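Colleague: Predicted model and sequence below, questions to follow.
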Amino acid sequence: MKNEQQCENCSMRAKYDINPKSLIGRFWRWHINFCPGWNSYMKSLNKDSRRSLCEKYKLKQKKYL
């Protein structure tokens with residue numbers, strides 16, 4: 001539950017959502033490729049939520065679905 005709240009309310013994620021090309025936004029997007037917290041967060045979500053996040057953040061769906 002702790003990782004879920006951190007990832008859902010992550011300030012770097014919010015900055016990515018506002019401006020994906022910002023330095024912090026790009027760092028966050030790079031970081032989630034290997035972040036164990038993000039992977040746990042994604043696995044805790046239902047399939048539809050994972051799919052929509054994969055589309056939103058252009059993630060490889062094979063890894064999460």
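Modeller: The structure has been received and is ready for your questions. Numbers count the residues shown, from 1 in each chain.
Colleague: which residues in this protein form helices?
Modeller: Shown for the chain, the helices assigned by DSSP state H span residues 2-8, 11-18, 23-31, 36-44, 47-56, 61-64.
Colleague: Make JSON lines out of those and add mean neighbour count and mean pLDDT.
Modeller: From N, CA and C alone the C-beta is placed, and that goes for glycine too. JSON lines is the format used below for these (neighbours: other C-beta atoms under 10 Å; pLDDT from 0 to 100):
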{"stretch": "helix 2-8", "mean neighbour count": "13", "mean pLDDT": "75"}
{"stretch": "helix 11-18", "mean neighbour count": "15", "mean pLDDT": "96"}
{"stretch": "helix 23-31", "mean neighbour count": "15", "mean pLDDT": "96"}
{"stretch": "helix 36-44", "mean neighbour count": "15", "mean pLDDT": "92"}
{"stretch": "helix 47-56", "mean neighbour count": "13", "mean pLDDT": "94"}
{"stretch": "helix 61-64", "mean neighbour count": "11", "mean pLDDT": "82"}
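Colleague: Wait, residue 32 touches residue 57, no?
Modeller: Yes - using C-beta atoms under 8 Å, residue 32 is in contact with residue 57, at 7.3 Å.
Colleague: In terms of neighbours, single out the busier of these two.
Modeller: Under the neighbour definition other C-beta atoms under 10 Å, residue 32 and residue 57 were set side by side, and residue 32 has more, 21 against 15.
Colleague: which residues does the more buried one contact?
Modeller: If you count contacts by C-beta atoms under 8 Å, 6 or more residues apart in numbering, residue 32 has them with 38, 57, 59.
Colleague: for residue 13, same thing?
Modeller: By C-beta under 8 Å, 6+ apart, the contact set of residue 13 is 7, 28.
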